[in-house]
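Undergrad: take a look and give me a structure for this.
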Amino acid sequence: MYTTFQFIHSYWAYLVLLVVVLATINALAGFFSKREYGAKDFRISLFALIVTHIQLLIGLILYFISPLGLQNITNSGMGEVMKNSEYRLYAVEHPLVMILTVVFITIGYSKHKKKLLSQGKFKTLAIFYTIALVLMLSRIPWAQWF
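TA: Model prediction:
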């Protein structure tokens, strides 16, 4: 079960990264080009929200069944986990920062729907999705990806 969830979480992450990059670029391009917000823009931002939430659910399940997640903290103790950079990344930093990433995407998506003008919608999405993308890129375990 652990290896199945790890496989799904790892490969779904490529889609998440691609969609969040696309949604961020779309929001920035829409804001700077001052174009009208349309159905395509809504779908792109919604798809980013959906794939990140699915990844969060898979990641939370993985956190509880993985030997590098909660089991590592329980077995080794928090002090030992915090001393080891690899353990700290998988048990603390990656989950916390990715939860923050999903929170920023969710807030940005929710706030943009309340804006009436296209510029306000794009600005809100651009700010929150860019912050989320930077956070996401900061805590991806790159060594495992390459």
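Undergrad: tell me which residue is most central in the protein.
TA: Closest residue to the average C-alpha location of the chain: Thr101 at 4.4 Å, with CA atoms, centre = their mean.
Undergrad: got a list of contacts for the helix or strand bottoming out on mean pLDDT in the chain?
TA: Every helix and strand in the chain was compared by mean pLDDT, DSSP states H and E; the lowest is helix 142-145, with a mean of 75. With contact meaning CB atoms under 8 Å, 6 or more residues apart in numbering, helix 142-145 is reached by Ser10. C-beta coordinates here come from the backbone N, C-alpha and C atoms, glycine included.
Undergrad: over to stretch 56-64?
TA: 2, 5-6, 8-9, 12, 69-70, 95, 98-99, 102.
Undergrad: list the contacts for Val20?
TA: Applying CB under 8 Å, 6+ apart, the residues near Val20 are 48, 51-52, 105, 129, 132-133, 136.
Undergrad: and those residues, which of them are buried?
TA: 48, 51-52, 105, 129, 132-133, 136 (16 or more other CB atoms under 10 Å).
Undergrad: which of these lies closest to Arg35?
TA: Tyr129 (16.6 Å; CB to CB).
Undergrad: residues in contact with Ala91?
TA: 68-70, 72-73, 81.
Undergrad: the contacts of Val20 into CSV, with extra columns for pLDDT and distance to Ala27?
TA: Listed next are the contacts of Val20 as CSV, based on pLDDT from 0 to 100; distance: CB to CB, whole Å:
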residue, pLDDT, distance to Ala27
Ala48, 97, 9
Val51, 98, 16
Thr52, 98, 15
Ile105, 98, 11
Tyr129, 98, 5
Ala132, 98, 11
Leu133, 98, 10
Met136, 96, 15
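Undergrad: hang on, the earlier thing: now render the contacts of stretch 56-64 as TSV, adding pLDDT and neighbour count.
TA: As requested, the contacts of stretch 56-64 are exported to TSV (pLDDT from 0 to 100; neighbours: other CB atoms under 10 Å):
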residue	pLDDT	neighbour count
Tyr2	87	13
Phe5	91	17
Gln6	91	16
Ile8	93	16
His9	92	19
Trp12	94	15
Gly69	92	22
Leu70	93	14
Pro95	95	19
Met98	97	23
Ile99	97	14
Val102	98	20
